[in-house]
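Undergrad: Pasted the sequence and its predicted model underneath.
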Amino acid sequence: MGGEKDIRVVAQNRRARHDYFVEETIEAGIALIGTEVKSLRAGRASLQDSYAEVVGTEVFLKNAHIDQYEPASRFNHDPLRPRRLLLHKNEIRRLAARVQQRGYTLIPLSIYFKDGKAKVELALCKGKKSYDKREAIRERDVRREMEREARGRQRF
């Protein structure tokens, strides 16, 4: 029981692995205000069309939608505000160098709570071309068909 972490996924970016080749992933903390944390705990977030951007010596999560927390009334947050990601300086420098290379971008794969703290799984990605997406779909269908046939043989 000692090494297990308490992880609860709040939102996932399902299209990311379809639209991008994921080169590497990194865990980052996220700077939130109170109503955002309450809304995340309620599971009200979306990572659709979101990305991360290196600005100077900081990294910001953009276009991530965290719904307003209804009981907060006028003290609520802007659902689409840029949120600062918490990374070590050397990680930021390394990511900034990779993002400046042609075709690389930072895409959040998921937002989750780990030991009570909000985290973002950030991926260094390269965009897929449409023919790459078609090939991935074809491979997935072939793999499914083989699994289906293998299950069919086991019944007899």
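TA: Perfect, I can see it now. Numbers count the residues shown, from 1 in each chain.
Undergrad: Pull the residues that contact the longest helix along the chain.
TA: When the chain is parsed with DSSP state H, its longest helix is helix 130-154. For helix 130-154, contacts defined as CB atoms under 8 Å, 6 or more residues apart in numbering pick out 18-19, 21, 128. Glycine gets a C-beta too; all of them are placed from N, C-alpha and C.
Undergrad: in that helix, what's buried?
TA: When burial is assessed from 16 or more other CB atoms under 10 Å, helix 130-154 yields no buried residues.
Undergrad: for the record, mean pLDDT for it?
TA: For helix 130-154, mean pLDDT is 80.
Undergrad: so where do the strands sit in this structure?
TA: 7-12, 20-30, 45-46, 51-55, 58-62, 65-66, 83-86, 104-114, 117-127 (DSSP state E).
Undergrad: Let me know which of those strands is tucked in deepest.
TA: Stretch with highest mean neighbour count among the strands of the chain: strand 65-66 (a mean of 22; mean count of other CB atoms under 10 Å).
Undergrad: Minimum distance to A96: which of the strands of the chain has it?
TA: The minimum distance between A96 and those falls on strand 51-55, with 4.3 Å, by CB to CB.
Undergrad: Do I have it right that A28 meets L86?
TA: Yes. Using CB atoms under 8 Å, A28 is in contact with L86, at 6.0 Å.
Undergrad: For the contacts of helix 130-154, give me CSV that also has distance to R144.
TA: CSV is the format used below for those (distance: CB to CB, whole Å):
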residue, distance to R144
H18, 16
D19, 21
F21, 21
K128, 20
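Undergrad: residue ranges with poor pLDDT in the chain?
TA: 1-5, 155-156 (pLDDT under 70).
Undergrad: Nearest the geometric middle of it, what residue?
TA: The geometric centre of the chain, computed from its C-alpha atoms, lies nearest to L109 (CA atoms, centre = their mean), at 1.8 Å.
Undergrad: Quick one: residues contacting that residue.
TA: So L109 contacts 12-13, 16-17, 22, 25, 47, 121-123 (CB under 8 Å, 6+ apart).
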